[in-house]
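Novice: Would you be able to build a 3D model of this:
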Amino acid sequence: MMFTDLCDFGSEKMGVVPVGGFIGCQERELELLMGCILVSLENTENNFESNQILIPGYDKCSELSKTALHIAACARHIHFVEELVKMMDEKHFALHNKKENTALSFAAEAGAIEIAKIMIQKNKFLPTIETGKGLKPLFIAALLERSEMAWSLYPKTYPTLNETNRNSLFFSYIDTGLYDLAMKMLEDDTTLAMARNSNAETALHVLARRPLEFGGRISGIEDSYKSSKQTKALELVECLWNQILKHNDDDVMCLITEPSEVLFDATRLGNYEFLSVLINAYPDLLWETDDENRTIFHVAVLYRHASIFNLVHETGSIKDIIVTYTDDENNNILHLAAKLAPQNQLNLVSGAALQMQRELVWFEEVKKIVQPLSIDMKNKDGKTPRELFTSEHEGLLCEGESWMKNTANLCMLVATIITTVVFSAAFSIPGGIADNTGAPKFLKDTAFLIFAISDGVALFSSSTSMLMFLYILTSHYAENDFLKSLPLNCLVRFLAMSTLVRYVLVNILFKSYISARKTYDPIESQVLNVQPYPRI
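Specialist: The predicted structure is shown next:
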């Protein structure tokens, strides 16, 4: 291929325009690349040794002093790379730029798998060459979540890694969510299950703090990737746990309790699926307590994770023993239910009144599983669970009362306005009244019947709504009122308001229809009474 053809090839066949599609390449760089390659190659007559594939003049314009291959790999131009490698020796592929990055590092960063394969075919040692920061191309692909690139480079890189590098790569896979690759590494080296990262944490510690990677019901085509990722994450946890359980009990407990307790990290964050895997394989974990003598069920109640708390019903007779545990402040599990929930759990429902209801539901549900003596048991502060609940939720109770009253006032205003309109409509007969009988003209018409019924129902609904809102305004707002009576009343009043609005719309529609008929009928009569011209 002629040098001029090569430049034409680069500018036309490889789609140099638009430049915005390239990764890390500026328009200025690409212009210089195309122009300088022609000059360089013509002047040196293909002598790459003389200029080390650095384009004369271009290295002065670029802070990174990239080679032509660096730029082509960065831009993911496979055809341009194919032409370049035909004129290069094996050693040229290992050249670094000023930042000590090879062209393969650029390809790994860009996720250009085909380009990487072309380079490796020319120099099989490229995957083992590190950057200035000591990163092999595989590590770059892992850090940037280039899954396919990482899979491609893995078999060529893994055999050359020492123990430290393997640990680092393993945790990089987990940090970036490449769980299938992490599982592959675990299969190749089972000792990674016991490995620790720079924070002295095992892979289980890291995964325990990722509830979003495991939980949640997923649906929809666009979420299929997330579903697959969750499945792989669970499989990785199972593989890790199975390897860990091959050690003696002391080693297992040491691993899951240092530097932090895996069970309780997962419980605090609601990582139900993670806990299920561990407990199903090792049920004795149910008896484990944290530094404050709390089991996972106590912590689940404190942080309001229903899915984990519900596991207590599957423990059989163990439940009766576990729920009697008290913490360092002599709080039993009902005391923990009496404490105010974390703000992120309160925010799951809108409105202080509904938040108060949710807190009461939690308290009542936990109350069902405790022994009668625990209900009136006092903690170190001398408070029973109910007394603790009252003091903890005093602020939320006031907010709930204010929220209910403001909502009731607003809805009562709307109901009053609508009642006025509906009431006046009952005395404004559409179509008028017949002079001889005094009855509505359209009394026997179906449309008039619908109008009358809708007006009556709307009037009844508006009156009912007003009475209900009045009840809410005059309520004394005790704690237990938020459990059933106030929410039920709130639901009924909104149903009444919804019914009211619907029937008002029906009322207006048929009143307009009847009024339109009143205007139309005289015209129709006049048209029908017109006598035809006599024939001559």
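
Novice: Using CSV, write down the CA coordinates of the strand or helix carrying Leu181.
Specialist: Using DSSP states H and E, Leu181 sits in helix 179-188. Output of helix 179-188 as CSV, limited to C-alpha atoms (Å, rounded to 0.1, in the frame of the first residue of the first chain):
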residue,chain,number,x,y,z
TYR,A,179,-18.5,-11.2,39.7
ASP,A,180,-18.2,-13.9,37.0
LEU,A,181,-14.5,-13.1,36.6
ALA,A,182,-14.1,-13.1,40.4
MET,A,183,-15.7,-16.5,40.5
LYS,A,184,-13.4,-17.7,37.8
MET,A,185,-10.4,-16.5,39.8
LEU,A,186,-11.8,-18.3,42.9
GLU,A,187,-12.0,-21.5,41.0
ASP,A,188,-8.4,-21.2,39.9
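
Novice: Can you give me the buried ones in it?
Specialist: Tyr179, Asp180, Leu181, Ala182, Met183, Lys184, Met185, Leu186 (16 or more other CB atoms under 10 Å). To be clear about C-beta, it is placed using only N, CA and C from the backbone, and glycine gets the same treatment.

Novice: and if you look at stretch 227-244?
Specialist: Lys229, Gln230, Lys232, Ala233, Leu234, Leu236, Val237, Cys239, Leu240, Trp241, Gln243, Ile244.

Novice: Check what pLDDT the second one gets.
Specialist: With respect to pLDDT, Gln230 has a value of 85.

Novice: about what we covered before: what would the buried residues of stretch 227-244 look like in CSV with secondary structure?
Specialist: Putting the buried residues of stretch 227-244 into CSV (DSSP: H, G, I helix; E, B strand; the rest coil) gives the following:
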residue, secondary structure
Lys229, helix
Gln230, helix
Lys232, helix
Ala233, helix
Leu234, helix
Leu236, helix
Val237, helix
Cys239, helix
Leu240, helix
Trp241, helix
Gln243, helix
Ile244, helix
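
Novice: circling back to that earlier point, what's the helix holding Leu181 packed up against?
Specialist: helix 147-157, helix 163-175, helix 224-244 (3 or more CB pairs under 8 Å, 6 or more residues apart in numbering; DSSP states H and E).

Novice: May I see the ones you listed organised as TSV, with distance to Thr202 added?
Specialist: What follows is the helices and strands packed on helix 179-188, written out as TSV (distance: least, CB to CB, whole Å):
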stretch	distance to Thr202
helix 147-157	22
helix 163-175	10
helix 224-244	8
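
Novice: and those helices, which one is worst for confidence?
Specialist: helix 224-244 (a mean of 87).

Novice: Check which element follows it along the chain.
Specialist: Immediately after helix 224-244, counting by DSSP H and E, sits helix 249-257.

Novice: now the angle from that following helix to helix 224-244?
Specialist: 150 degrees (axes from the mean of the first three to the mean of the last three CA atoms, to 10 degrees).

Novice: Report all helices and strands that helix 249-257 contacts.
Specialist: helix 224-244.

Novice: So which residues make contact with the helix it packs on?
Specialist: 174, 177, 179-180, 182-183, 186-187, 190, 193-194, 202-204, 207, 210, 213-216, 218, 252, 255-256, 273-274, 277-278, 281-282 (CB atoms under 8 Å, 6 or more residues apart in numbering).

Novice: Drop anything exposed from the residues you listed.
Specialist: 174, 177, 179-180, 182-183, 186, 193-194, 202-204, 207, 210, 213-215, 252, 255-256, 273-274, 277-278, 282.

Novice: hang on, Ala496 packs against Leu467?
Specialist: No. Using CB atoms under 8 Å, Ala496 is not in contact with Leu467; the gap is 9.4 Å.

Novice: Mutual contacts of those two, please.
Specialist: By CB under 8 Å, 6+ apart, no residue touches both Ala496 and Leu467.

Novice: between these two, which one's more packed in?
Specialist: Ala496 (22 against 13; other CB atoms under 10 Å).

Novice: what comes up buried for the host helix or strand of Ser454?
Specialist: Taking DSSP H and E as the definition, Ser454 sits inside helix 446-474. Neighbour-count burial for helix 446-474, counted by 16+ other CB under 10 Å, picks out 447-448, 450-452, 454-455, 457-459, 461-466, 468-469, 472.

Novice: do the same with stretch 409-418
Specialist: So for stretch 409-418, counting by 16+ other CB under 10 Å, buried means Cys411, Met412, Ala415, Ile418.

Novice: So which residues make contact with that stretch?
Specialist: 458, 462, 465-466, 469-470, 473, 493-494, 497, 500-501, 504.

Novice: before we move on, what about stretch 271-284?
Specialist: 207-211, 214-215, 230, 234, 237-238, 241-242, 245, 252, 262-263, 265-267, 285-286, 296, 305, 307-308, 311.

Novice: just stretch 336-355 next, same as before
Specialist: So stretch 336-355 is contacted by 294, 298, 301-304, 327, 358-359, 362-363, 365-367, 385-386, 388-389, 392-393, 396, 399-400, 402-404, 482, 486-487, 490 (CB under 8 Å, 6+ apart).

Novice: That one: how far from the chain's middle?
Specialist: Relative to its chain's centre, stretch 336-355 lies at 20 Å (CA atoms, centre = their mean, to the nearest Å).

Novice: Next: stretch 370-389.
Specialist: That offset, for stretch 370-389, works out to 38 Å (CA atoms, centre = their mean).

Novice: All further residue positions should be reported with the first residue as 41.
Specialist: All set: I'll call the first residue 41, so the last point we hit is now stretch 410-429.

Novice: quick one: contacts of it?
Specialist: Taking CB under 8 Å, 6+ apart as the rule, stretch 410-429 contacts 360, 363-364, 366, 369-375, 377-379, 399, 403, 407, 431, 519.

Novice: Can you get me the start-to-end distance on it?
Specialist: Start and end residues of stretch 410-429 are separated by 16 Å (CA to CA, to the nearest Å).

Novice: Flag every buried residue along that stretch.
Specialist: Val410, Ser414, Met417, Asn419, Lys423, Thr424, Pro425, Arg426, Glu427, Leu428, Phe429.

Novice: now swap in stretch 141-161 and tell me
Specialist: Buried, per 16+ other CB under 10 Å, within stretch 141-161: 141-153, 155-156, 158-160.

Novice: now swap in stretch 370-378 and tell me
Specialist: Neighbour-count burial for stretch 370-378 [16+ other CB under 10 Å]: Asn371, Asn372, Ile373, Leu374, His375, Leu376, Ala377, Ala378.

Novice: May I see those residues arranged in CSV, with distance to His132 as well?
Specialist: Converted to CSV, those look like this (distance: CB to CB, whole Å):
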residue, distance to His132
Asn371, 70
Asn372, 73
Ile373, 69
Leu374, 74
His375, 72
Leu376, 67
Ala377, 70
Ala378, 72
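
Novice: so of those residues, which ones are in helices?
Specialist: Among the buried residues of stretch 370-378, the residues falling in helices (DSSP state H) are Ile373, Leu374, His375, Leu376, Ala377, Ala378.

Novice: And the residues you listed, which is closest to Ala182?
Specialist: Set against Ala182, the nearest of these by CB to CB is Leu376 (41.2 Å).

Novice: Tell me how far that closest one lies from Asn311.
Specialist: According to CB to CB, to the nearest Å, Leu376 stands 19 Å off from Asn311.
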